[in-house]
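Engineer: With the sequence up front, the predicted model follows.
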Amino acid sequence: MDMLDEAAEKPKDDADIRVGRRVRALRLERNLSLADLAAKAGVSIGALSQIERGMSSLRVKVIWPLAAALDIEPSALIADGNDAANDLYCVRADKRRQIPVKSEGIAKALLSPPGATLTGMLVTVEARGGTAEAYAHAGHEFGFVLAGEVELVVDSTKYVLKAGDSFAFKSTLLHAFRNPGAERCQILWVNTTKPSEVRDGA
């Protein structure tokens, strides 16, 4: 009986499944393929695939090179409990990651989990805050104004949107936004590009 047969017959352990999900989430978060991470960690693609599917335990000799390849501490791979920070499908309210922005008065919190096709963000624009200049990038975007007021400019056309209003446009069109009001504005913003792929003015 070869190793794959043994793995197929081995019942999945909850801890192995959690660790596997964590490894896959971290890999997807870094935009690495199975082959990329396997090569960086010096393990076979098959072995890495089994670890991610919870069919194989993460052995001590693999933890260190895998952690180094993911640029994390080894303890992060095997921490006890269900690590909500690296879940494949959900993001808890207290585990949102902040996305770096260039402009003053804007904050972006990532709402979508690692590997999601769509990037969901909670964009907060303080009073009088906004993008420094119009920008464009690949993809499409959609937004829903949750609170406050936002002045959105798309392809030289200005729109003043309030809570309950929504928008959608091709990201390749020059766009900019600012909060003209005295109260904080919050927007649920969905983008088809990853945060790392967006080279924008915000």
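Structural biologist: Arrived safely, thanks for sending.
Engineer: can you give me the helices in the chain?
Structural biologist: According to DSSP state H, the chain carries its helices in the segments 3-9, 14-29, 34-41, 45-52, 60-70, 75-78.
Engineer: Dump the ones you listed into JSON lines; add mean neighbour count and distance to Thr131 as well.
Structural biologist: From N, CA and C alone the C-beta is placed, and that goes for glycine too. Below are these laid out as JSON lines (neighbours: other C-beta atoms under 10 Å; distance: least, C-beta to C-beta, whole Å):
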{"stretch": "helix 3-9", "mean neighbour count": "11", "distance to Thr131": "51"}
{"stretch": "helix 14-29", "mean neighbour count": "19", "distance to Thr131": "26"}
{"stretch": "helix 34-41", "mean neighbour count": "16", "distance to Thr131": "33"}
{"stretch": "helix 45-52", "mean neighbour count": "18", "distance to Thr131": "38"}
{"stretch": "helix 60-70", "mean neighbour count": "16", "distance to Thr131": "33"}
{"stretch": "helix 75-78", "mean neighbour count": "14", "distance to Thr131": "34"}
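Engineer: just so I know, which of those helices lies nearest Thr124?
Structural biologist: Between Thr124 and those, the tightest spacing by C-beta to C-beta is seen for helix 14-29, at 22.4 Å.
Engineer: quick one: Pro114 and Cys90, what's the gap?
Structural biologist: Using C-beta to C-beta, to the nearest Å, we find Pro114 at a distance of 11 Å from Cys90.
Engineer: how deep is Thr193 tucked in, by neighbour count?
Structural biologist: Thr193 has 17 neighbours, counted by other C-beta atoms under 10 Å.
Engineer: Quick one: residues contacting it.
Structural biologist: Thr119, His137, Ala138, Gly139, Ser171 (C-beta atoms under 8 Å, 6 or more residues apart in numbering).
Engineer: Kindly report the same for Ala47.
Structural biologist: Contacts for Ala47 were tallied using C-beta under 8 Å, 6+ apart; they are Ala38, Ser56, Val62.
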